[in-house]
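Asks: I would like to see how this sequence folds:
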Amino acid sequence: MASPMSSWTAFFDLPIEQKEKYANDQASGKIQGYGSKLANNASGQLEWEDYFFHLVYPEDKRDLSIWPQTPADYIEATAEYAKELRALATKVLRVLSLGLGLEEGRLEKEVGGLEELLLQMKINYYPLCPQPELALGVEAHTDVSALTFILHNMVPGLQLFYEGKWVTAKCVPNSIIMHIGDTIEILSNGKYKSILHRGMVNKEKVRISWAVFCEPPKEKIILKPLPETVSETEPPIFPPRTFAEHIQHKLFRKSQEALLNK
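Replies: Take a look at the predicted model:
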């Protein structure tokens, strides 16, 4: 399939009044749609990004009414990309299952299977930043997802915390970045690690990334270490929680950190 990145980028070139037609409203629980961040994070730095967030798979759970109608090929290009990425997620989950000594379909089943694993896409648009040393695109965090897939516009900025320092991911043409999120770390009892990462901004180039988060249904799946990953010498290191409870746990921790940093 052709790359849908040009279609996704075109949305952010629209006049602000057109983009705001798709604005989200997180205060009322409407998280899908267009948004903008310009606020201090827990570390006191500015977050500097526009974004568009929406569920892209399964098809029967999408809300096309909040998908951009402009550019004209946005819906078709995004739907086709989501279908291809869902097939890739199955392949990756099979390999990760085998790496734990499990049947190849086990992890996919544990995160919702073909019917209920959700693909949520967040397009991150980082405008030129005159003082990048004072801002971050996205503050340091781990993803709550099972897997995260990332495309980018070849402008460096994704950083991973590795061996005690921040390392900038290389921009490899025609590649997709994949990393493991909290869900797989929990199911594997820490044998697979959810990577701490952040997004940097640039004063010379606009940076854009397209992240797709593969997430289990919020209330139906209990996340806890699989029995096969636990032993007397390796007891469970995570308590049982639904995916929704895990998200709330992380939000609570973040709010506590913010209070401590005031």
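Asks: what is the mean pLDDT for stretch 160-169?
Replies: Summarised as a single mean, pLDDT over stretch 160-169 is 96.
Asks: so what would you say the end-to-end distance of stretch 155-174 is?
Replies: By C-alpha to C-alpha, to the nearest Å, the extent of stretch 155-174 from end to end equals 13 Å.
Asks: same check, this time on stretch 222-231
Replies: End-to-end for stretch 222-231, by C-alpha to C-alpha: 20 Å.
Asks: give me the buried positions along it.
Replies: L223, K224, P225, L226, T229 (16 or more other C-beta atoms under 10 Å). The way it works is simple: take the backbone N, C-alpha and C, and place the C-beta from them, glycine included.
Asks: of all pairs in those, which one is the farthest apart?
Replies: The distance between the two most remote of these (C-beta to C-beta) is 12.5 Å, for L223 and T229.
Asks: which residues do these two both contact?
Replies: L187 (C-beta atoms under 8 Å, 6 or more residues apart in numbering).
Asks: before we move on, back to that, filter the buried residues of stretch 222-231 down to just the ones in strands.
Replies: Taking DSSP state E, the ones among these that sit in strands are L223.
Asks: pull the longest strand from this structure.
Replies: Under DSSP E, the chain gives strand 46-57 as its longest strand.
Asks: I'd like the distance from whatever helix or strand comes next after it to the chain centre, please.
Replies: Downstream of strand 46-57, the first helix or strand assigned by DSSP states H and E is helix 74-99. Chain-centre distance of helix 74-99: 14 Å, with C-alpha atoms, centre = their mean, to the nearest Å.
Asks: counting contacts, what elements does the next helix or strand after helix 74-99 pack onto?
Replies: Next along the chain after helix 74-99, taking DSSP H and E as the criterion, comes helix 106-110. Helix 106-110 is packed against helix 74-99, helix 182-187, with contacts defined by 3 or more C-beta pairs under 8 Å, 6 or more residues apart in numbering; DSSP states H and E.
Asks: tabulate those (TSV), appending mean neighbour count, mean pLDDT and distance to R241.
Replies: Compiled in TSV, the helices and strands packed on helix 106-110 are given as follows (neighbours: other C-beta atoms under 10 Å; pLDDT from 0 to 100; distance: least, C-beta to C-beta, whole Å):
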stretch	mean neighbour count	mean pLDDT	distance to R241
helix 74-99	17	96	20
helix 182-187	25	98	8
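Asks: redo those helices as JSON lines? Include distance to V111.
Replies: Output for the helices and strands packed on helix 106-110, formatted as JSON lines (distance: least, C-beta to C-beta, whole Å):
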{"stretch": "helix 74-99", "distance to V111": "7"}
{"stretch": "helix 182-187", "distance to V111": "6"}
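Asks: now for the ones you listed, which one comes closest to M154?
Replies: helix 74-99 (17.8 Å).
Asks: wait, which of the helices and strands packed on helix 106-110 is closest to I150?
Replies: helix 74-99 (11.0 Å).
Asks: who are the packing partners of the closest one?
Replies: Checking 3+ C-beta pairs under 8 Å, 6+ apart, helix 74-99 ends up next to helix 5-12, strand 46-57, helix 106-110, strand 118-126, strand 147-152, strand 207-215.
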